[in-house]
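1. Fold the following for me, if possible:
(one chain, ligands or ions: 2)
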Amino acid sequence: MTAPQPLTLQVNGRPRNAFALLNDTLLSVLRDALQLTGAKRGCNQGVCGACTVLIDGRPARACLSLAHDCVDREITTIEGAESIASSLQDAFARAGAVQCGFCIPGMLLTASALLRDNPRPTTDEIRVGLSGNLCRCSGYRKIVEAVTLAVEGRVE
Ligand code: FES
Ligand code: FES
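-> Ligands and ions are numbered 1, 2, ... in the order given. As a prediction, this is how the structure comes out:
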């Protein structure tokens, strides 16, 4: 096996240096090398969406993305998404949409991209938009309600 190679990732608006094997995932580098643990390791095989980050503004599964392939891409984790996710975070809190919280960073980032592309989604569009993010607490109804609250601007 080759030795870890140096790489520089643009994470949350600033360069972050790390070493990674060529087959190390972005999720491993974020969590284990850069201590950015907001992206969760759930299934680790592309199913659950708990590891969702934004790559060049688009939701992506960090467990399926090779770290070295992410050089020169703009990576946003929940730690760097305060401004884009703050109204959504308020809405999730008001709707009581957070149970264990494990899925919530991925839900927030996916929802933020959804609302950026479609500021007035219907309930069905919200459901479809979040369908790649699984909630093991099965809090889907409240999560959809939370995004609806944010859409309707009921969050102060
Ligand atoms: S941990 Fe990446 S999709 Fe489940
Ligand atoms: S709140 Fe527990 S997994 Fe969604």
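2. buried ones in stretch 77-94?
-> Under the neighbour-count criterion of 16 or more other CB atoms under 10 Å, stretch 77-94 has 77-81, 84-85, 87-92 buried. For glycine as for every other residue, the C-beta is placed from the backbone atoms N, C-alpha and C.
3. swap that for stretch 2-16, please
-> Those would be Leu7, Leu9, Gln10, Val11, Asn12, Arg16, for stretch 2-16 by 16+ other CB under 10 Å.
4. Look up phi and psi at the last one.
-> Arg16 has phi and psi values of phi -130, psi 130 when expressed as degrees, to the nearest 10.
5. swap in the first one?
-> For Leu7, the backbone dihedrals are phi -150, psi 160 (criterion: degrees, to the nearest 10).
6. Next secondary structure element downstream of the helix or strand bottoming out on mean pLDDT in the chain?
-> The helix or strand of the chain with the lowest confidence, counting by mean pLDDT, DSSP states H and E, is helix 82-95 at a mean of 86. The first helix or strand that comes after helix 82-95 along the chain, using DSSP states H and E, is helix 104-117.
7. quick one: the helices in the chain?
-> 26-28, 82-95, 104-117, 123-129, 140-151 (DSSP state H).
8. which residues are contacting the first one?
-> Going back to what we said before, that points to helix 26-28. Contact with helix 26-28 is made by 9, 20, 39, 41, 44, 51, 53, 62-63, 65-67, 70, 75, as judged by CB atoms under 8 Å, 6 or more residues apart in numbering.
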